[in-house]
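Enquirer: A predicted structure for the sequence below; I have some questions about it.
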Amino acid sequence: MSTPETSRFVRLRVELVLEVDETGAVTEAALARMSEDPDMPAEERVQAESAVTHDTAEALAYLVDPFDLVRQVPGVDLAQASWSCEQVEYDPDAPDWDLDGDDVDLDEEEAGAAG
């Protein structure tokens, strides 16, 4: 009996909702990180500085890096990543924010496809 091959690739989905109490601190941190980036071309830096100054979500997108999330995990290399930030209205009691419900639906779909 042969065992089926499993993929070495795993998709990790993470969704975060952050409450920003100090937008200025987030913007300053993003600007500071940009100023320390020697590989960022001057033209790109001007555009990025403008974006993070006017939009806290852009500043967070610049500060939160998926590579940092898995850098210390042994035996793992990040093959691909994409992420974005957007400002949202958040109501933890609304059904739209039931993250556990999404997992249940996904599990049911996978069980239905397998059966």
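Expert: Good, I have the coordinates. Residues are numbered from 1 along each chain as shown.
Enquirer: My guess is residue 64 contacts residue 83. True?
Expert: Yes: counting by CB atoms under 8 Å, residue 83 is a contact partner of residue 64 at 7.0 Å. The C-beta positions use only the backbone N, C-alpha and C, and glycine is treated the same way.
Enquirer: just to confirm, which helix or strand has the residue most central in space within the chain in it?
Expert: Central residue of the chain (CA atoms, centre = their mean): residue 83, 4.4 Å from the mean position. Using DSSP states H and E, residue 83 maps to neither a helix nor a strand.
Enquirer: now swap in residue 61 and tell me
Expert: Counting by DSSP H and E, residue 61 is found in helix 56-63.
Enquirer: model confidence over that helix, on average?
Expert: For helix 56-63, mean pLDDT is 94.
Enquirer: one step back: who's in contact with the residue nearest to the centre of the chain?
Expert: 61, 64, 66 (CB atoms under 8 Å, 6 or more residues apart in numbering).
Enquirer: Skipping adjacent residues, who's closest to residue 67 in space?
Expert: Distance criterion CB to CB, 6 or more residues apart in numbering; nearest residue to residue 67, sequence neighbours excluded, is residue 78 at 5.7 Å.
Enquirer: what number of residues lie near residue 57?
Expert: 17 (other CB atoms under 10 Å).
Enquirer: ok, now which ones touch it?
Expert: 85, 86, 87.
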